[in-house]
Structure formats: C-alpha cells, structure tokens
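**Q** from the sequence below, what's the structure:
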Amino acid sequence: IPSIQIDCSSLSVFSSLSGFIKMSSDDEGEGPVTKLEPQEDSSLTEKQKSKKHKKKKHKKEKKSKKSKKEKKKEKAEDETSKTSCGLKRPRADSAASSVTPDQEEEAKKKKPKKSKKSKKKEAPDTHAKEEEDAPSARPIVESSALFDETKAAPENTHDTRTSSNTTTLLLFYQYVEPPWSETEYKHNLQHVEQLGQQASVMGRMRVAREGLNCTLTGSRHEILDFCRSLRRWLPVFLETEFKLTHDLPAATTQFQQLKIIPVQELVHYGLNGPKAPPIAQYSGTHLEPQEYHSKLAQPETVVIDVRNHYEANIGRFVPPADSGAQWLDPKMRKSTEFPVWLDSEETKQKLQNKQVLMYCTGGIRCERASALLKYKMANDPTVQDLNIQGVYQLQGGIDKYFKQYPEGGYWQGKNYTFDRRYAHAPAAIESQKQQSPEGADDEKERAAQERFAVPTTAPTLPMGQCEACGKAWDKYRGKRRCPTCGVPSLTCRDCYQADVEGRQKLDRNVRCDLCVEQNIRSKKELRSREEAALRAYEAKMKQVGLLHPTQRQQQNGDGDGGEGIAAADNPNQVTRLFLKNMCKRNMTDEILLEHLPGITHLVWRLNGKTKDFFGQGWVEMATPELAAQAVAQSGSLRILGRPLYVEYQPPDGKDMWPPPKSAVNSNQNN
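**A** Next up, the predicted model:
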C-alpha cells in the first residue's frame, strides 16, 4: 500500500465529514436527513391514542439502542481501517490535534518497554524463561565448544543457531535422599524414559533408587525442553546443575539412541544402602572453578584425582611447583577400590594436617568420595587423629573448569570422557588448528574435520605413552583392552594399525602401565588381590563399628551376609529368585551359599543336550525378608570377580516349585 501523507487540517475535515455521514445515516441507512412525523388520526379515542403512543415510544427506544450498537461497531471498524493505512484518529481536544511529528517521536520513546512476560511468548526457550519458571532453580550452565577470544565469559556464551551439522551435549547428575522406594523407582524409571522420548534426546540415563546420572545429546531446544520437564516433574531437580556444551560436530559426537540403564548405584563404589554415608550430611564443600583454582596454589594441600588411573594417565591437574600442593593418584581401575585406598596407612600419612581437594570428570564421583572421607573423619578414630583441614570438591568437575578456563588453567593434557568425544583438551587448545586434517588420527576424524571444521588439538606433548612402543600418546583407540585387568588400552596409531594388518600382533605381554608396575600377569591374580584387600577392609570396618547391619536385620537376628545393604521392597512376599551372570567354570553350590545365605533350594540352569552351565539358576529363600535382602545386593555382590544379578521370579503355577531333590542339603541337587 503506498504511503499517504495528510496534514492535520485535512485530517480534521475528513473526520468531521465522516461523522456527518454517519449521523445522517443512523435511521435504516436510506432516505433524506430530515424526517416528517405523520399526523395522528383525530377519530381515535383517548385510550387508543395512549396505547398507540406507548407502542411508538417503545419502538423508538428499541431503535435507539440498536443505533448505539451500530455506531460503536462502525467506530471500531473505522479506527481499524485507518490504523491499517497508517492513519491515526486525532484526539477530540485541541492540544492533541496540534501535536507535531517531533513530539510524537518523543512520546514513542517514553512508552514503557514490554515486560518479561511478553518477551517470554516471543522466545519460549530463552534463558529468561527458565529463570522466570523457577526463580529458585540453579542456573543452567551453557557454553560453546568453539572458543571465541573476544568473549570474556565463555561460560555465558552459546550459539543459538539451528544446524543439522552440530549438536548439544548435556551432562548432569542428581542424588535423591532418602532414596526412592522400590515402587517409586519402577514408576520413575518409566517416567524419565517417557520424558526423554518426548524431548527427542539421545544418550545414556543411569537410573538408580538414589537418583539419575545422564549423558545426552540433542538440539539446544530439545535439551532445554528435557531439563525443564525434569524440573516441572520433581522439585529436587531445581538443585541440579545442568551443563550444556553447544556446537559439537553431530557426525562424531551425537548419540544414535536413548538407553535407560537401571543400576544399584549411580557410581559403583560398593557404597549403596547404609554403607553410603548421607551426601547431604557429609559431602565436601563445593567450590566453583575460580575458588578451586585458587586452592590449587595453596600450600599444605593434597589434590586427589578420584577418577580411574587410565583417565589420569592422559591428563590431570598440575598444581604450581612453588605452591607445595601435592597431586595424588589412587591408581584405581574402578571406583570400588577407593575405600580400600583411602583407608591405607600410606594414604593417611599423606592426608595428615592437609586440606584435601578432590576432582573428577563431572562431579558425581566426588560426592560419594568426599562423603566417605568426612564420615570417617567424624566416626573413625584413626582418621580423626589426622587433623585434616577441610575437604573440598570441584563443583561441576573438569567439564565446568574447562568452561571457566578455556586456556587450561592448571590443567595439562586431555580430559577422558564417557561420551562420544572420548577425550578432549580445553576449548582454546582444541581450537588451535595448527594440525592439518592430514595429520588427523584416523579416516573418520579427517572426514569430520574436512566437512564440519571440527576443532583439532594443537601439537602439545601427550602425557601418556603407548603400551606397545613407549611413544608419547594420549588417545585410546579401538576396542582393545588390557588383557590382564580389562581397562582401555593406550595404543598409538602405528602399533594399532600394525596389529590390525597382522604385521605385529599386540600379545598378552602388552599390558597397561598399572599392571606392569604392580607385576600382575593374570586376571586370576588380580582378582585374588582385590578380593583379599576388600575382605580385610570390611573386616576392619566391622571391628571399629563402621559397617552396621540394617535395622531389619537386627530385628530378625540376621547379620550374616549382605551387611549394610537396605532390603528391597517385597510387597508380594516372593521367596523364589532368579540369579544370573555367575561364573560358568568355577561356580559351585558351596561358593554361592557362602555369599548368599538363606537359600533352601537351588536349581542350576543347564543346556538340555550338553549339560553345560549357563551361569544362571533359581533359588528358594527361607523367608521373604532374606529374598528382599538378596535382591537389594543385585549388581553390587561380586562372586568370583563377577557381579551377581538377582531378581524376583515368583512361580507361575505351571511347574512344581520347589522341585524334588533341589534342597541344598541334598546330595542329589539338579
């Protein structure tokens, strides 16, 4: 529509004319402006005249009401039509009609700005909406994998562009105290999967009665939608720190499916149930990256790397040399070894009179580790005498530290991750594209770099070494694992390729540096060492009264086996259990009965033709309470080095249970 310019005088004339036209057309819209009233018939009686007069008056009142409605409607239509053409109706007072264009512009500037509420409708997935929805919620931490030197606060930056070539990574965990009941757990297991499917996120969700531990990918909108759905579902997630990393290459980092993994513990320390000191009561002091960074440079400090040794082997914190702070590696292959290491005399000597800093990848492993240490400081006389000067942990882990210190800070090497990045350096180092695509480690990585401009690591000296040739190396390749202990094998590109092509095989002598250092040459030798150390630790803890049976066990007079494990819910009073993941070669009746007391009947699952053992079986427990105790130990109870999985399986009524000759005191067990 072409623009129309009209001065105030012509606008007033136009308005007056419009009003005149409307006034003259109020009656039915036709006929002359002036109407002649018909004369009354003189032959009518007074009664008839009065009746006729009332009728006419009523008719006029009705028409007047209708006229007012029509005027109002016409006025609104006229206002709309003029506004749509760029014209504004002048105000009736003279002051308004004499407003100049400059005064109108000034008035526009003085108009109040739109409230946050109106903005929320325009941008439903902005950070402001999250704040408005839940004022008491912990802020969502967002950053980009692409380092921008011009941004002073990288943790507050993110790329909101929509691209099919990039993805957003979400890391978070949340402990729940007290733990969910078995009924709540089953419901929540299904519900959290539904929330993930509704938001279209992919990745892994570890779900236990004690909470959630998730690593997910999706678009920024999908990830934020999932985070908010959790906060709307349960208030406990208002405390959760959701950490988002944007602009990761979808080709190499995006998960392809959503996996829900039911577990006994979010991190397997062997500290579930009453063995786990309450986090709310005992966890260490959480320090933001800036505070933690300052603590790293303080004297009389020990820094405990709570990760596994193969993770620390390629990257770690290195405190300033002149600070006197000492970095400690527990040299663990798995987290269940931490309690034993923490209780050793060598460790206690290193902690004496020191402040203790802990860190891990995302913060979750520090929760249990710091709580265990502070619990021992409060209850174990041998630890109370150490005079430890505080226990601190890095809030958000290495992941959040990298967001605050993209150049690395006191970090050296790479951060091992359990998502599809596998390992990465801080953002500023990753963004130094000094290494050409031809120097990429494998064909898939080169293709991703060429197509999506994937940031590559600048040529810095790796902290690890190839287990085969000793070359400096920091990337775990393929699926090869240490033949002795089973941790990922650190093998360089040349040795890995030679093994694949058959030119030089990586035999059983190529072991991880920890097995070489400890002179361990077989899985059996490692297993016997681990089990002996764990038995000695638990015996010591029982002796000093730090491992107690549950209240239900005390009431039932049952303190053998499964001490410290809270019984699972058993509302149907089931006593028949299904066991799986047992050692096919070495499992015997005696070994199972030693680890799982209370069994009255036992049936092994065998191959019908070969009679080979499947590593599975059925047992009848003496009481529903003992059955509930066995189910509670599922996944945490290890027999012959393997976690035993236990679940309820009530008889279906088709077969006789328990079958004849299946009693454990019978010599003719099936």
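**Q** the helix or strand hosting V356 - contacts with which helices or strands?
**A** With secondary structure defined by DSSP states H and E, V356 is part of strand 355-359. Strand 355-359 sits against helix 289-296, strand 301-305, helix 364-379, strand 391-394, helix 397-404, with contacts defined as 3 or more C-beta pairs under 8 Å, 6 or more residues apart in numbering; DSSP states H and E. For glycine as for every other residue, the C-beta is placed from the backbone atoms N, C-alpha and C.
**Q** same list (those) but as a markdown table, adding distance to R642.
**A** Formatted as a markdown table, the entries for the helices and strands packed on strand 355-359 read as follows, by distance: least, C-beta to C-beta, whole Å:
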| stretch | distance to R642 |
| --- | --- |
| helix 289-296 | 38 |
| strand 301-305 | 27 |
| helix 364-379 | 23 |
| strand 391-394 | 32 |
| helix 397-404 | 30 |
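**Q** indicate which one of those is closest to R232.
**A** Comparing the helices and strands packed on strand 355-359 against R232 with C-beta to C-beta, the closest turns out to be helix 364-379 (23.1 Å).
**Q** ranges for the helices of the stretch 451-600 of the chain?
**A** 493-501, 513-518, 523-543, 551-556, 589-595 (DSSP state H, counting those that start in this stretch).
**Q** list the buried ones in the first one?
**A** By that I understand helix 493-501. Neighbour-count burial for helix 493-501, counted by 16 or more other C-beta atoms under 10 Å, picks out 495-496, 498-499.
**Q** so where's the stretch 251-400 of the chain uncertain?
**A** Within the stretch 251-400 of the chain, the set of residues satisfying pLDDT under 70 comprises 272-275.
**Q** cool, the chain as well?
**A** Residue ranges of the chain with pLDDT under 70: 1-135, 146-163, 272-275, 433-460, 547-566, 665-670.
**Q** about what we covered before: want to throw the helices and strands packed on strand 355-359 into TSV with mean neighbour count?
**A** What follows is those, written out as TSV (neighbours: other C-beta atoms under 10 Å):
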stretch	mean neighbour count
helix 289-296	18
strand 301-305	23
helix 364-379	22
strand 391-394	25
helix 397-404	24
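**Q** quick check: phi and psi on T183?
**A** The main-chain torsion angles of T183 are listed as degrees, to the nearest 10 and equal phi -70, psi -50.
**Q** give me the neighbour count for it.
**A** Other residues lying near T183 total 10 when counted by other C-beta atoms under 10 Å.
**Q** what does the one 3 residues further on give?
**A** Counted with other C-beta under 10 Å, the neighbours of K186 add up to 14.
**Q** which helix or strand contains it?
**A** Using DSSP H and E, K186 sits in helix 182-199.
**Q** wait, what's in contact with the nearest residue to S181 once chain neighbours are set aside?
**A** Spatial nearest neighbour of S181, chain neighbours left out: D569 (5.8 Å); criterion: C-beta to C-beta, 6 or more residues apart in numbering. Contact analysis of D569 by C-beta atoms under 8 Å, 6 or more residues apart in numbering lists 181-183, 628.
**Q** apply 7 Å and report the result again.
**A** Taking C-beta atoms under 7 Å, 6 or more residues apart in numbering as the contact definition, D569 lies against 181-183.
**Q** next one: V267
**A** Residues in contact with V267, defined by C-beta under 7 Å, 6+ apart, are 335, 364-365, 368.
**Q** of all pairs in these, which one is the farthest apart?
**A** Greatest spacing in the contacts of V267, by C-beta to C-beta: S335 and I364 (10.2 Å).
**Q** and A630, what is it in contact with?
**A** For A630, the contact set (C-beta under 7 Å, 6+ apart) comprises 577, 596, 621, 646.
**Q** those residues: which two are farthest apart?
**A** Spatially, the most separated pair among those is M621 and V646, at 10.0 Å (C-beta to C-beta).
**Q** what do the two both touch?
**A** Common neighbours of M621 and V646, counting by C-beta under 7 Å, 6+ apart, are 577, 630.
**Q** burial of Y269, as a residue count?
**A** A count of neighbours around Y269, defined by other C-beta under 10 Å, yields 22.
**Q** just the strands in the stretch 201-350 of the chain please.
**A** Per DSSP state E, counting those that start in this stretch, the stretch 201-350 of the chain carries strands over the ranges 202-208, 211-218, 243-249, 258-262, 285-287, 301-305, 315-317, 326-328.
**Q** tell me the strands beside the second one, with direction?
**A** It refers to strand 211-218. When pairs are called by DSSP bridges, strand 211-218 turns out to pair with strand 166-175 (antiparallel), strand 202-208 (antiparallel).
**Q** grab the nearest non-local neighbour of R220.
**A** Once its chain neighbours are removed from consideration, R220 has its nearest residue in T168; the separation is 4.8 Å (C-beta to C-beta, 6+ apart).
**Q** I'd guessed the one you found sits against G218; true?
**A** Yes. Proximity of T168 to G218 meets the contact threshold set by C-beta atoms under 7 Å, at 6.2 Å.
**Q** look at these two and report which has more neighbours.
**A** Neighbours per residue, other C-beta under 10 Å: of T168 and G218, the larger number sits with T168, 27 against 23.
**Q** list the contacts of that one.
**A** The contact partners of T168, by C-beta under 7 Å, 6+ apart, come to 217-220, 223, 244-246.
**Q** I'd like those written out as TSV, with distance to P462 added.
**A** Output for these, formatted as TSV (distance: C-beta to C-beta, whole Å):
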residue	distance to P462
T217	27
G218	32
S219	34
R220	33
I223	32
L244	28
T245	23
H246	27
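**Q** can you pick out the most distant pair from those residues?
**A** Among the contacts of T168, S219 and T245 lie farthest apart (C-beta to C-beta), at 13.1 Å.
**Q** of the two, give the one with the bigger neighbour count.
**A** Neighbour tally, S219 and T245, criterion other C-beta under 10 Å: the higher count belongs to T245, 26 against 20.
**Q** give me the number of residues near the closest residue in space to that one that isn't next to it in sequence?
**A** Using C-beta to C-beta, 6+ apart and skipping the chain neighbours, the partner closest in space to T245 is L169 (4.5 Å). Counted by other C-beta under 10 Å, the residues lying close to L169 total 25.
**Q** which residues does L169 contact?
**A** Per C-beta under 7 Å, 6+ apart, neighbours of L169: 217, 245, 248, 253, 419.
**Q** same list, the buried residues of helix 493-501, but as CSV with distance to P235 please.
**A** Written out in CSV, the entries for these read as follows (distance: C-beta to C-beta, whole Å):
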residue, distance to P235
C495, 52
Y496, 49
A498, 56
D499, 53
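**Q** of all these, which two lie farthest apart?
**A** The widest separation within those, taken as C-beta to C-beta, falls between Y496 and A498 and amounts to 7.3 Å.
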